[in-house]
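>>> give me a 3D structure for the following:
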Amino acid sequence: MQVEPPLEPVASRPLVAINPGSENPPWSGLDLLIVVLVLVAALFLFTSIAFVIVLHSPLAHGMSAAELGKNPGPLVIVPSMTLAYLAMLVAMYGLVTRHQQRPFWQTVGWQWPGNLGWLGFLAAGAFLAVTLGELSRLLPIPKSLPMDQFFQNASGVYLMMIFGVAIAPLAEEMLFRGFLYPVLDRWLQILFMRPRQLRRGCIWILIMAGWGYVEHGLPLAWSVLLAVVVFLVVGMLVAARSLRAGEKPSGLVLLPASLTVAWGLAAGAISGRAFGIATTSLLVLGGLLGVLSMAPAPETSVAGKWGRFLAVLVTSLAFAMVHGEQLGQAWGPLVVLFVVGLVLTITRVVTRSVTPGLLIHMGYNLMLFGVLYIGTDHFRHLERMSQ
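A predicted model of the protein is given here:
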C-alpha cells in the first residue's frame, strides 16, 4: 500500500498586511525598552564613578560634593555619557544579532554615501545650522541656559566639541533614527488599521496623562513607591489577560508596565513647564487617535502614510525633549531642536539609511562649534556667549 506523504502546514497569512514601503525591523518595542534601560542604568553608573574620581582629584579645584553636583562639568559628563552610549550600542548589537544572520550595520540601515556624497550631507548640516541660527532670532532664546555650565573654560569646550561632533551624533542617530523610528513606523501602521486598538490606545494615553499628573505632584519617595505598586498591578493585569486569551505570558508583559512606570517617574522628575508640554502632547495625541478610531479601517497604503507621518513627529519630538533639561525647557530652543529632529528623521525616511542623518547631525554641530570658536577668539573669551 502506498503511503501518502504528510501534508505540509499552510503558512497562515498575517492578520494585518504590512505596507511594502514600511519599516520592518527585527527588533521590537521590548528590545527598544531594553536598550533605553541599559542606557539609563549605564549613565547612572558611569556618572557616579566619574563624579567620585573627579571629586577626589586635583581637577575638582577644592569643590565640595554639593558644588560639584550642581556643576559637574564636562570632565564628569563627557566620559560618563561616552561610556553609557558605548554600553547602549553593545546592547543594540546583541539584540539585533541574536536571531539574525545579517551583519549588524546592514540590518540597522548603515549605508555610507558613495563618492563624495558624504561631503554634501556635511554641508547640508552646516547650512541647516546657519539657517536655523537666523530663524532663531525670531524666537525667545534665553541669554543663559543650563548647558552653559559646560562652557566655562577652553578645555571643557574642546571636550564638548569632540563629544558633540564625534560621539553624540552617532549614538543619538542610532537610538532615534536607527532603533526608535523603525519600530514606530511599523507599529503605528498596524495600529491605524485596527480601529479597536486605536480606541484602546486613546484610552491608555488619557490614563497616562492622568497618571503623570498624580506622579508630578508627589514627593520623590512616594512617587517611586507608587510606581512600583503600579508596575506590579499592570504587569499582573496584562499577564492575566494573556492567560484568559489562552496565551502564555511572555516578556512583553513587562512592556506596558515598564512604560507606565517610566512615564510616572519622568513626570515626577521634570519641571512644570516640560510636564505641561508633555501632557498637552499626550492629550492632543489621545484626541487624534479617538477621532481616527471612529473612521473605518483605511487601506494599507493610507495607514502606512498616517503611521509614518506620526512616527516622524513622535521621533522628532522625543529627540527634542531628551535635550530639554540642557535647554532649561525653554520652548524657543526646543522648537529649533524639533526642526532639526524633523530634518534628520525625514532624511532617514527618504534615504532609508541612518548614515546621511548622522553626517547632517555632525555637520550641524560642527558649524555651531565653528561659529563659537570664531566668535570667542579661539575659545579664549567665552564670556561673549552671553552677550
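>>> quick one: the helices in the stretch 1-150 of the chain, in order.
Taking DSSP state H, counting those that start in this stretch to define them, one finds helices in the stretch 1-150 of the chain at 29-55, 65-70, 74-97, 104-107, 117-135.
>>> out of these, which gets nearest to residue 263?
helix 29-55 (12.2 Å; Cβ to Cβ). Where C-beta positions appear, they are placed from N, C-alpha and C, glycine not excepted.
>>> show me what the closest one is packed against.
Where contact means 3 or more Cβ pairs under 8 Å, 6 or more residues apart in numbering; DSSP states H and E, helix 29-55 is packed against helix 65-70, helix 74-97, helix 181-192, helix 254-269.
>>> deepest in the core, which of those is it.
Greatest average neighbour count among the helices and strands packed on helix 29-55 goes to helix 181-192 (a mean of 23), per mean count of other Cβ atoms under 10 Å.
>>> what angle do that one and helix 29-55 make?
Helix 181-192 runs at 140 degrees relative to helix 29-55, counting by axes from the mean of the first three to the mean of the last three Cα atoms, to 10 degrees.
>>> quick one: mean pLDDT for helix 181-192?
Helix 181-192 comes out with an average pLDDT of 84.
>>> name the helices or strands packed onto that helix?
With contacts taken as 3+ Cβ pairs under 8 Å, 6+ apart, helix 181-192 sits against helix 29-55, helix 195-216, helix 300-322, helix 331-351.
>>> would you turn those helices into CSV with mean neighbour count?
Shown next, in CSV, are these (neighbours: other Cβ atoms under 10 Å):
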stretch, mean neighbour count
helix 29-55, 17
helix 195-216, 17
helix 300-322, 19
helix 331-351, 19
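>>> so for residue 111, which of those helices sits nearest?
helix 331-351 (7.6 Å).
>>> might you report the residue contacts of the closest residue to residue 201 other than its chain neighbours?
Distances taken as Cβ to Cβ, 6 or more residues apart in numbering put residue 289 closest to residue 201, at 5.1 Å, once the chain neighbours are dropped. Counting by Cβ atoms under 8 Å, 6 or more residues apart in numbering, residue 289 makes contact with 198, 199, 201, 202, 205.
>>> in this structure the first one contacts residue 192, no?
Yes: between residue 198 and residue 192 there is a contact at 6.9 Å, judged by Cβ atoms under 8 Å.
>>> what do these two both touch?
Both residue 198 and residue 192 are in contact with residue 292, where contact means Cβ under 8 Å, 6+ apart.
>>> ok, residue 191 to residue 79 distance?
40 Å (Cβ to Cβ, to the nearest Å).
>>> then residue 105?
In terms of Cβ to Cβ, residue 105 sits 26 Å off from residue 79.
>>> pLDDT wise, what is the nearest residue to residue 65 once chain neighbours are set aside at?
In this structure, residue 65 finds its nearest non-sequential neighbour in residue 55, 5.9 Å apart by Cβ to Cβ, 6+ apart. Listed pLDDT for residue 55 reads 83.
>>> what's the answer for the one 4 residues further on, then?
According to the predicted model, the pLDDT of residue 59 comes to 70.
>>> with the one 5 residues further on instead?
In this prediction, residue 64 carries a pLDDT score of 73.
>>> ranking the helices and strands packed on helix 181-192 by mean pLDDT, which is last?
Comparing mean pLDDT over the helices and strands packed on helix 181-192, the weakest stretch is helix 195-216, at a mean of 81.
>>> now whichever helix or strand comes after it: average pLDDT?
Once the chain leaves helix 195-216, the next helix or strand it forms, by DSSP states H and E, is helix 220-244. The predicted model assigns helix 220-244 a mean pLDDT of 76.
>>> so which elements touch helix 220-244?
helix 195-216, helix 254-269.
>>> if we can go back for a sec, the helices and strands packed on helix 181-192: which one's closest to residue 146?
Of the helices and strands packed on helix 181-192, nearest to residue 146 by Cβ to Cβ is helix 331-351, at 10.7 Å.
>>> helix or strand right after the closest one?
Assigned by DSSP H and E, the successor of helix 331-351 is helix 355-375.
>>> what packs against that following helix?
Partner elements for helix 355-375 (3+ Cβ pairs under 8 Å, 6+ apart): helix 117-135, helix 154-162, helix 168-172, helix 331-351.
>>> for residue 366, which of these is the nearest?
Of all the helices and strands packed on helix 355-375, helix 117-135 sits nearest to residue 366, with 6.8 Å by Cβ to Cβ.
>>> about what we covered before: ok, which of the helices and strands packed on helix 181-192 comes nearest residue 71?
helix 29-55 (11.3 Å).
>>> specify the angle between that closest one and helix 74-97 in degrees.
150 degrees.
>>> list the contacts of residue 201.
191, 286, 289.
>>> any idea how far the last one lies from residue 321?
Right, residue 289. Residue 289 is 20 Å from residue 321, where distance means Cβ to Cβ.
>>> likewise the first one?
With distances defined as Cβ to Cβ, the gap from residue 191 to residue 321 amounts to 21 Å.
>>> and if you look at residue 293?
In terms of Cβ to Cβ, residue 293 sits 26 Å off from residue 321.
>>> residue 31 too?
Residue 31 sits 21 Å away from residue 321, taking Cβ to Cβ as the criterion.
>>> one more: residue 132?
The spacing between residue 132 and residue 321, counted by Cβ to Cβ, is 18 Å.
>>> in which helix or strand does residue 290 reside?
helix 272-293.
>>> state the mean pLDDT of that helix.
78.
>>> pull out the buried residues from that helix.
Within helix 272-293, the residues scored as buried using 16 or more other Cβ atoms under 10 Å are 274-275, 277-279, 281-282, 285-286, 289-290, 292-293.
>>> pull the distance from that helix to the chain's centre.
18 Å (Cα atoms, centre = their mean, to the nearest Å).
>>> kindly export it (C-alpha atoms) in PDB.
C-alpha atoms of helix 272-293 as PDB (Å, rounded to 0.1, in the frame of the first residue of the first chain):
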ATOM      1  CA  GLY A 272       6.400  72.000  35.500                       C
ATOM      2  CA  ARG A 273       6.800  73.500  32.000                       C
ATOM      3  CA  ALA A 274       8.200  70.300  30.500                       C
ATOM      4  CA  PHE A 275       5.400  68.400  32.200                       C
ATOM      5  CA  GLY A 276       2.800  70.700  30.800                       C
ATOM      6  CA  ILE A 277       4.200  70.400  27.200                       C
ATOM      7  CA  ALA A 278       4.300  66.600  27.500                       C
ATOM      8  CA  THR A 279       0.800  66.300  29.000                       C
ATOM      9  CA  THR A 280      -0.700  68.600  26.300                       C
ATOM     10  CA  SER A 281       1.000  66.500  23.600                       C
ATOM     11  CA  LEU A 282      -0.500  63.300  25.200                       C
ATOM     12  CA  LEU A 283      -4.000  64.800  25.300                       C
ATOM     13  CA  VAL A 284      -3.700  66.000  21.600                       C
ATOM     14  CA  LEU A 285      -2.500  62.600  20.600                       C
ATOM     15  CA  GLY A 286      -5.200  60.800  22.500                       C
ATOM     16  CA  GLY A 287      -7.800  63.000  20.900                       C
ATOM     17  CA  LEU A 288      -6.400  62.400  17.500                       C
ATOM     18  CA  LEU A 289      -6.500  58.600  18.000                       C
ATOM     19  CA  GLY A 290     -10.000  58.900  19.300                       C
ATOM     20  CA  VAL A 291     -11.200  60.700  16.200                       C
ATOM     21  CA  LEU A 292      -9.400  58.300  13.900                       C
ATOM     22  CA  SER A 293     -10.800  55.300  15.700                       C
END
